[in-house]
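Participant: predicted structure and sequence below. I'll ask about it afterward.
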Amino acid sequence: ILNVEQSPQSLHVQEGDSTNFTCSFPSSNFYALHWYRWETAKSPEALFVMTLNGDEKKKGRISATLNTKEGYSYLYIKGSQPEDSATYLCAFAGGFKTIFGAGTRLFVKA
Amino acid sequence: EAQVTQNPRYLITVTGKKLTVTCSQNMNHEYMSWYRQDPGLGLRQIYYSMNVEVTDKGDVPEGYKVSRKEKRNFPLILESPSPNQTSLYFCASSVTSGNYNEQFFGPGTRLTVL
């Protein structure tokens, strides 16, 4: 059974703090690793698609890295803002199926 | 506007009463998928479709059926709903298989089975 794990489950930070969370995934049969941002009462929205070992992606204050050999990806948020409060999901694509982690719930206090 | 739509958004029903949740996308995407989301668990894939008339089981297909007769539509059918199917359901689509392409999600359908 393929398992994707995210840590921590939740995180409370102050505005301006930088933070990071982890996604662990199977290192075999890897096609891509996706990061999604999911705000309460909305739908998940794509942040990054990462395919190559060593990939680094950046969008504004959010960036992500990928290590396919050891099976992990980090998501970083620099200078967190209250509008960054959301659940961040990673998803392992290993064929036609997509396996999502349970997410990291981020709370940013002003 | 490019979007994925789902109907209904909210539904309360009773055990055993057949229901269908519709999903439609206007982006000419080949790949479509259904997920359910339960507290403490990630999105779990129910069924997916690579293209018209091509569907396959995800990780939690029991109790569900799907069809893909047209490219834009991918309905989810619960022939005999049970309380353990109470959940938040998302339909998603992507250009081709979800491996390399981001998925676009619908607004979600909150289903309660009494």
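Facilitator: Okay, I see it.

Participant: tell me if the least confident helix or strand in chain A by mean pLDDT is near chain B.
Facilitator: The helix or strand of chain A with the poorest confidence is strand A:98-100; it has a mean of 89 (mean pLDDT, DSSP states H and E). Yes - when contact is scored as Cβ under 8 Å from any Cβ of the partner chain, part of strand A:98-100 falls within range of chain B: A:98-100. Where you see a C-beta, it was placed from the backbone N, CA and C, and this is true even at glycine.

Participant: now swap in stretch A:46-59 and tell me
Facilitator: Yes - between stretch A:46-59 and chain B, judged by Cβ under 8 Å from any Cβ, the touching residues are A:46, A:49, A:51.

Participant: hmm, residue A:87 and residue A:107 touching each other?
Facilitator: No - between residue A:107 and residue A:87 there is no contact under Cβ atoms under 8 Å: 10.2 Å.

Participant: higher neighbour count, these two?
Facilitator: Neighbour count, other Cβ atoms under 10 Å in any protein chain shown: between residue A:107 and residue A:87, residue A:87 has more, with 18 against 13.

Participant: which residues does that one contact?
Facilitator: A:37-40, A:103-106 (Cβ atoms under 8 Å, 6 or more residues apart in numbering or on different chains).

Participant: would you turn those into CSV with secondary structure and pLDDT?
Facilitator: Output for the contacts of residue A:87, formatted as CSV (DSSP: H, G, I helix; E, B strand; the rest coil; pLDDT from 0 to 100):
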residue, secondary structure, pLDDT
A:37, strand, 97
A:38, strand, 95
A:39, coil, 94
A:40, coil, 89
A:103, coil, 95
A:104, strand, 96
A:105, strand, 96
A:106, strand, 97
